[in-house]
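> model this:
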Amino acid sequence: MAIPVEMKDLTFVYRGARKPAIKNINLRIMNGEFVVVTGPTGCGKTTLCRCFNGLIPHFHHGKMIGQIKVNGVETRERKVSDLSQTVGFVFQDPENQLVALNVERELAFAPENLGLPREEIKARVEEAIEMVGIDHLRSNAPYELSGGEQQRVAIASVLTLKPSILVLDEPTSNLDPVSAKKVVILLKQLNKEYGMIIILIEHRLDLVAPYSSRVLVMSNGEIVVEGEPRKALSNDYVEKLGVGIPRILKLFKGLGVVRDGQNLPLTPDEAIRILI
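Residues are numbered from 1 along each chain as shown. Next comes the predicted model:
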């Protein structure tokens, strides 16, 4: 069985740039994973994630060295339109991803462009609406929606392509804490109930770390730390990079209450259980 995502010695230099945006990336992502990609601004997170669906090198041109395969197929050998049916991509600003006059038409846009039969399009739209819980929004115009609602619609529009991998570039960056948590809970639901691989670029680690299975920390275009969230984020080097580790984890590290990174808490509830 093919590995869902596999990168070997992957390096990419944008056209006109002097140094690589990412370099020497070796990475495997397996079925069922919820992977958080984090690191300082400009470290290569977005570049890395745009390799998953072929935007690099098909849309963003430059020199790619090494290899990236999705389900065993080299991305350079497939069109972005083909890859989009395996790897869905949700951009940072959902407003820029929404083009139709109402939500229902928005969800139908991508499958219509694939030339799918009318009944199949209708079925996919209804399935995506149910998965994301936006039935009450189907007749609304995207510009009438709140930021959190727009983000859910953007996610649903990608789900109509039935991807097995969902990549999101800082989807909570413009949302208030309540809306942001709702989006992250939705992503965990898609991961757990529908078996979708989630790859999430995010800085708000207090919010997303408890839901993830692995964290990748990047710096200067390379993955410098990776592993289970507690172990990866308790690494002193991560904090030196300026990455905002979960506050409760930082507190316990500072107090020296728990020395084993595997047992450090990521949430207040976990902290209470450790202290009792």
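> so for residue 259, what's the pLDDT?
At residue 259, the predicted lDDT confidence score is 54.
> hmm, I typed the wrong one, I wanted residue 153.
Listed pLDDT for residue 153 reads 95.
> how near is the residue nearest to it when sequence neighbours are not counted to residue 183?
Nearest residue to residue 153 in three dimensions, chain neighbours excluded: residue 103, at 5.4 Å (C-beta to C-beta, 6 or more residues apart in numbering). Any C-beta I mention is one placed from the backbone N, CA and C, and that applies to glycine too. Distance from residue 103 to residue 183, counting by C-beta to C-beta, to the nearest Å: 16 Å.
> what about the two, which has more around it?
A direct count of neighbours by other C-beta atoms under 10 Å for residue 103 and residue 183 places residue 103 higher, at 28 against 24.
> do I have it right that residue 202 meets residue 39?
No: when contacts are counted by C-beta atoms under 8 Å, residue 202 is not listed as touching residue 39 (10.4 Å).
> please enumerate the strands of the stretch 101-250 of the chain.
Assigned by DSSP state E, counting those that start in this stretch, the strands in the stretch 101-250 of the chain fall at 165-169, 197-201, 214-219, 222-227.
> can I get the ones you listed in JSON lines including mean pLDDT and mean neighbour count?
Output for the strands of the stretch 101-250 of the chain, formatted as JSON lines (pLDDT from 0 to 100; neighbours: other C-beta atoms under 10 Å):
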{"stretch": "strand 165-169", "mean pLDDT": "96", "mean neighbour count": "23"}
{"stretch": "strand 197-201", "mean pLDDT": "98", "mean neighbour count": "24"}
{"stretch": "strand 214-219", "mean pLDDT": "98", "mean neighbour count": "23"}
{"stretch": "strand 222-227", "mean pLDDT": "97", "mean neighbour count": "17"}
